[in-house]
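**Q** Sharing a model prediction with you, sequence too.
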Amino acid sequence: MLPVCGRVVFSSSEDLTRATRAKVVEGENGFVSWVKAAAESLLATLFPSDCRLCGSPLARISRLPVCEDCLFRVRPLQGGGTCAICGERLTGSVNVMDQGEPGCALCRQVEPSFAKAAAYGSYEGGLRDLIHLLKYEHVRPAAGVLGRMLAEVVEKLAAAFAKGDPVLVPIPLHASKQRQRGFSQSELIARAALKLKPVGREWLLRPEILERCRPTASQIGLTPHQQRENVRGAFAVRRAAEVENREVLLVDDVLTTGTTASECARVLRRAGATRVWVATVARTMKAEATCALIKQDSDEMEERMAKAANG
Ligand SMILES: [Zn+2]
Ligand SMILES: [Zn+2]
């Protein structure tokens, strides 16, 4: 007899747990759900795989080897207490900029070339691990979940866009770095976000507009002035006509200091863009400076591994 609801009897308590965690939907499409869950459980039993973030066994077969608990723990940033321009966490007494909005010391000192930068979450814990999974372990399906987060950020920024949606431009890697990694993470994430574009929105993805024409050193450990010098002249706009009199939305995986995004915004505005916005999946907060150092370590590790592989 075929089961009429989602509950399935398995031969062991472990399998029952797997079935429960697979969230079999009762009632509607019960049989289809049951077959799917049974197949997934069977495959998971035959080809066990563990969550790449926490190591616990995965309840279901998925292209993304991350458990639901780890994904659930990635939470968005809570509003308030951040710089109105770059999103940096404000500590101590809050200073107000000309427009009457709270601003961090850096933005008050040298106003960035972008209008506003927004991020989904803080660059720490599970979110940092997911980004590392994509960038350093090359688990491309991670771009899907990161793209969903990016789509949420873009939608939140959208209220401030001028009439007509902006051109989406991923912050590019230098060609040598992209060859080494095999892909541009900002472009992969942007493409995944594009699939979730709300009806009526015109998100035009144009990765070819911006080029990183020389490799840049890590921004970590540099003074704000040194950071600006480090990226000055590193980007070029290749198709100025496509940004002329239009707003541009820069997208990336992580905003670390904001200096790179500001330099990209500067050249885009010089090429005729009216305003530049920045949307990233994560943002390094002051308290997470150590995480940024870990990122630097990973960058260096990736370079060393590539050098070793190339002899
Ligand atoms: Zn997990
Ligand atoms: Zn700021």
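**A** Now that the structure is in, tell me what you want to look at. Numbers count the residues shown, from 1 in each chain. Ligands and ions are numbered 1, 2, ... in the order given.
**Q** Which is the succeeding secondary structure element to the helix or strand hosting residue 268?
**A** Here residue 268, judged by DSSP states H and E, is contained in helix 259-270. Following helix 259-270 in sequence order, the next helix or strand is strand 276-283 (DSSP H and E).
**Q** which stretches of the stretch 201-311 of the chain have low pLDDT?
**A** Scanning the stretch 201-311 of the chain for pLDDT under 70 picks out 287-311.
**Q** Helices along that one, start to end?
**A** With helices called from DSSP state H, counting those that start in this stretch, the stretch 201-311 of the chain shows them at 224-231, 259-270, 289-309.
**Q** Tell me which other helices or strands the helix holding residue 268 touches.
**A** strand 210-212, helix 224-231, strand 235-237, strand 248-255, strand 276-283 (3 or more CB pairs under 8 Å, 6 or more residues apart in numbering; DSSP states H and E). Quick note: C-beta positions are derived from backbone N, CA and C, even for glycine.
**Q** any chance of the ones you listed in CSV, plus mean neighbour count and distance to ligand 1?
**A** Formatted as CSV, the helices and strands packed on helix 259-270 follow (neighbours: other CB atoms under 10 Å; distance: least, CB to the ion, whole Å):
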stretch, mean neighbour count, distance to ligand 1
strand 210-212, 20, 34
helix 224-231, 16, 35
strand 235-237, 19, 37
strand 248-255, 26, 20
strand 276-283, 28, 18
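**Q** Switch those over to CSV; also include distance to ligand 2.
**A** Putting the helices and strands packed on helix 259-270 into CSV (distance: least, CB to the ion, whole Å) gives the following:
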stretch, distance to ligand 2
strand 210-212, 22
helix 224-231, 11
strand 235-237, 21
strand 248-255, 11
strand 276-283, 11
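**Q** which one of these lies closest to residue 67?
**A** Proximity to residue 67 (CB to CB) singles out strand 276-283 among the helices and strands packed on helix 259-270, at 19.4 Å.
**Q** tilt between the closest one and strand 248-255?
**A** Angle of strand 276-283 versus strand 248-255, following axes from the mean of the first three to the mean of the last three CA atoms, to 10 degrees, is 20 degrees.
**Q** ok, strand 276-283: who's next to it in the sheet?
**A** With DSSP bridges as the test, strand 276-283 is paired with strand 116-122 (parallel), strand 248-255 (parallel).
**Q** does residue 152 count as helix, strand or coil?
**A** Three-state call for residue 152 (DSSP: H, G, I helix; E, B strand; the rest coil): helix.
**Q** Next one: it relative to ligand 2, how far apart?
**A** To ligand 2, residue 152 is 21 Å away according to CB to the ion, to the nearest Å.
**Q** ok, back up a step: in the helix holding residue 268, which of the residues would be classed as buried?
**A** Neighbour-count burial for helix 259-270, counted by 16 or more other CB atoms under 10 Å, picks out 259, 260, 261, 262, 263, 264, 265, 266, 267, 268, 269.
**Q** how about the residues of the chain near ligand 1?
**A** For the chain, the contact set with ligand 1 under CB under 5 Å from the ion comprises 51, 53, 54, 67, 70.
**Q** make it 6 Å
**A** With CB under 6 Å from the ion as the criterion, the chain meets ligand 1 at residues 51, 53, 54, 56, 66, 67, 69, 70.
**Q** Mind giving me the packing neighbours of the helix or strand hosting residue 179?
**A** Taking DSSP H and E as the definition, one finds residue 179 inside helix 175-181. Under the contact definition 3+ CB pairs under 8 Å, 6+ apart, helix 175-181 sits against helix 289-309.
**Q** Just the ones of the residues of the chain next to ligand 1 in helices?
**A** Counting by DSSP state H, the residues of the chain next to ligand 1 place 69, 70 in helices.
**Q** Dump the residues of the chain next to ligand 1 to a markdown table, plus distance to residue 208.
**A** Below are these laid out as a markdown table (distance: CB to CB, whole Å):
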| residue | distance to residue 208 |
| --- | --- |
| 51 | 37 |
| 53 | 34 |
| 54 | 39 |
| 56 | 42 |
| 66 | 31 |
| 67 | 37 |
| 69 | 39 |
| 70 | 35 |
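**Q** Buried among the residues of the chain next to ligand 1? Need that as a selection in ChimeraX.
**A** To isolate the buried members of the residues of the chain next to ligand 1 in ChimeraX, using 16+ other CB under 10 Å:
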select :51,53,66,67,70
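**Q** Including pLDDT and distance to residue 32, could the residues of the chain next to ligand 1 go into TSV?
**A** Output for the residues of the chain next to ligand 1, formatted as TSV (pLDDT from 0 to 100; distance: CB to CB, whole Å):
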residue	pLDDT	distance to residue 32
51	94	26
53	94	30
54	94	30
56	92	27
66	94	25
67	94	23
69	94	25
70	95	27
